[in-house]
Structures are given as C-alpha cells and as structure tokens.
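Enquirer: Sequence below, structure please.
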Amino acid sequence: MASLGIANLDKDLQRELIAGLDKVEALLSRHIQGDYPLLIETSRHLVEAGGKRFRPLITLLASHFGKGQSDEVIAAAVVCELTHVATLYHDDVMDEAKLRRGVTSANSRWSNTVAILTGDYLFSKASDLLADLGPEAVRLQAKTFERLVIGQIQETQGAKNGEDALKHYLQVVSEIAVALAAAGVVILTLGYGSLPWIALVLAISWGSYSLIKKSLNLGALETLSLETLFAFLPNLVFLLIIESNGSAEFGSTWSISILLFGAGAATVIPLLLFNGSTTRLPLSTVGLLQYITPTIMFFIGIYINNEDISTTKVIGFAFIWIALAVLSRDLYRSSRPLDDGIAK
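Expert: Predicted structure coming up:
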C-alpha cells in the first residue's frame, strides 16, 4: 500500500499506519488458517477481497493517543475486522446479496448454510484473539453481541402495523449505536477503576436539557427568557452577596465592565442558536452534534496539554467513535427529513 488516500496526512504518520495495516493483514491471514480446506477457502473469500479496513485504521489511529502501536493493538485491530467481516457473511444471507466487495457473495457461491457457518467461524477466531485481553473483555463482547443481534432481529421483523417504517429503522440503528457506546463506557470504567460518574452526570444533564427544550417547542427567544427567569433569583442573591462584601468586579474599571458585558453576549448568542436548532432538528441529530465539543476537548487534552491516555481508554473511545459513525451513516443514508419548522 503506497498511500492511504487521506489528504494532508503527516508523512511519518502515514508510513506508520501503512506498516501497521500490513501487520494487520499478515495476522488476519495467519489467524484464519485451519485444517479444513473448504472452511479456509470460504473464510478467506471476503478477507482477501479487500475492503477499506476502516475499523483497523481507527484502532491504529487511536493507539497514537496512548503508547502507539504494539502487538496488542494489532490484535485488537484484527478482532475488529474479523468481527465486521463475520457480520457481512450473515448480512448477505439475510439480504440475499449477490455481490460483496466486488466478488460473488459466499451465499451465492456456496450456500446460505456455508455462509452462516463461515461467519460463525470468524466470530470464534475473533473471540480467540479477544481472550488475551481478559475475561471481562470477552463478557463485554458477548453483551454487545446480544444487543446487536436483538437489533438485527428487530430490523428483520420490520415495523408493526401502523408504525412508521423509517422511524422503526432509525430506532433499531440507534439501539445498535447505543450498544457500541455502552461497550465503550464499560471499557473506560474497567480502565478507570470506578464508574466515571461525573462524566455520566454531565451527559445525562445535557441530554435532559436538550429533551426539555425539544418538549417545550418554543421559539429560541422564548426558551432563553424562560431559562433566565429560573436563574434570575439565585443569580440576584449571588450578586448581592459579592457586592456587599466588596468582591464584585463590575464597575471597578471600564475594561472589566466591558469584558463582563461581552461575556454576557458570548453566552446569550450561542444559547439562542442552540435553542433555535433544538426546536428545528431531530433530537438524535442534536445529540450527535453535541459530541463535537467533547471531541475538541479530547484533542486539546492530548495535543496541547500533553495528557497521557491508556490503552484501555483508546479502546473505549474507539467503541464510542464507531457508534457515532454507525449512527451518523444511517441518519445520512435514511435521508431523514427535518422538522417542518426548518423548512419554514
């Protein structure tokens, strides 16, 4: 592989990623060897057909937030790819697909039974590598599979009578994304040593905040006025206290006063924009967009503050990012219409 095809990518990073992907390909090839010729042929069918190797690439990229590439990281990348390829064999059976990755699908070339068993075989090979991460990792993968299978069954079953088909599909996709994100949280909890309750409280509070705004269905200015009304008395008491003990800064100098006025505008304008978007966009889209801020903070912590990040955190964040990618892709592919208000 001469290039990853990513614009403006650092040359040294690209060389390291290409070398890592070559190791992934080598381990993929070695790990699916066996004693039964037909099973080797069927399992190599899609692996050797190529593909973007998007999931291994994310794993390798995420490792640079920690100690970089290692044998464990390469193994984790192979687990992601084996799991993904295994699901493709099953998907082709359910979808009755004729082609996959530019070649004849396994179910068309052999049979549905062979395709399903090949997918199961690749799942077992992924679990074999995963076992080196410990029993908790295996249990987590099992729970994640459970959620994913339930979601797939719901999608196969389809919408109930009178239920909107698109809404049903998006609900299934959302549940799959939640399962992946939950797996990431569990991995982070295991690495952290305790439940990251501060982060969870912040996430729940912001999610509830958006839900309340969406439920009110008021204009941006009306919603902000209501928020200000609730915050008025506590803030007034606070201002009176600091004014009485002489610690208030407003009015002390012209520059401080202007900055405080500016801080008010810097707070109000984004809130007005957020309030307006919440009433116009689907709540799922709003929630997706709210990942922009913590992602920016994540990169600031790594690249500006030079904070360390463990391998466990890398794997956990990778699960969460994959969940976001799944949800983003399916929201886009579904061409979900925005609320009528945005068209107006």
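Enquirer: Strands along the protein, start to end?
Expert: Assigned by DSSP state E, the chain shows strands spanning 99-100, 103-104.
Enquirer: Out of those strands, the one nearest residue 223 is which?
Expert: Closest to residue 223 of the strands of the chain is strand 99-100 (CB to CB; 48.1 Å). For glycine as for every other residue, the C-beta is placed from the backbone atoms N, C-alpha and C.
Enquirer: on contacts alone, who are the packing partners of that closest one?
Expert: Contact partners of strand 99-100 among helices and strands, from 3 or more CB pairs under 8 Å, 6 or more residues apart in numbering; DSSP states H and E: none.
Enquirer: quick one on the thing from earlier: which of the strands of the chain is buried the deepest?
Expert: The highest mean neighbour count among the strands of the chain, using mean count of other CB atoms under 10 Å, belongs to strand 99-100: a mean of 16.
Enquirer: partners of it in the sheet?
Expert: Applying DSSP bridges to the sheet, strand 99-100 is found paired with strand 103-104 (antiparallel).
Enquirer: any residues touching the strand it pairs with, and which ones?
Expert: 45-46, 49, 98 (CB atoms under 8 Å, 6 or more residues apart in numbering).
Enquirer: Only whichever of these are buried, select them in ChimeraX.
Expert: A single ChimeraX command selects the buried members of the contacts of strand 103-104 (16 or more other CB atoms under 10 Å):
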select :45,46
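Enquirer: Name the nearest of the contacts of strand 103-104 relative to residue 146.
Expert: residue 46 (24.1 Å).
Enquirer: My guess is the closest one contacts residue 86. True?
Expert: No - applying CB atoms under 8 Å as the test, residue 46 and residue 86 come out as separate, 9.3 Å apart.
Enquirer: closest to residue 289 among the contacts of strand 103-104?
Expert: residue 46 (34.5 Å).
Enquirer: check contacts around that closest one.
Expert: Neighbour list for residue 46: 85, 88-89, 100-101, 103, 106 [criterion: CB under 8 Å, 6+ apart].
Enquirer: Now list the buried members of the residues you listed.
Expert: 85, 88-89, 100, 106.
Enquirer: Just give me the closest of those residues to residue 117.
Expert: residue 89 (8.8 Å).
Enquirer: now the closest one: how far from residue 42?
Expert: Distance, residue 89 to residue 42, using CB to CB, to the nearest Å: 8 Å.
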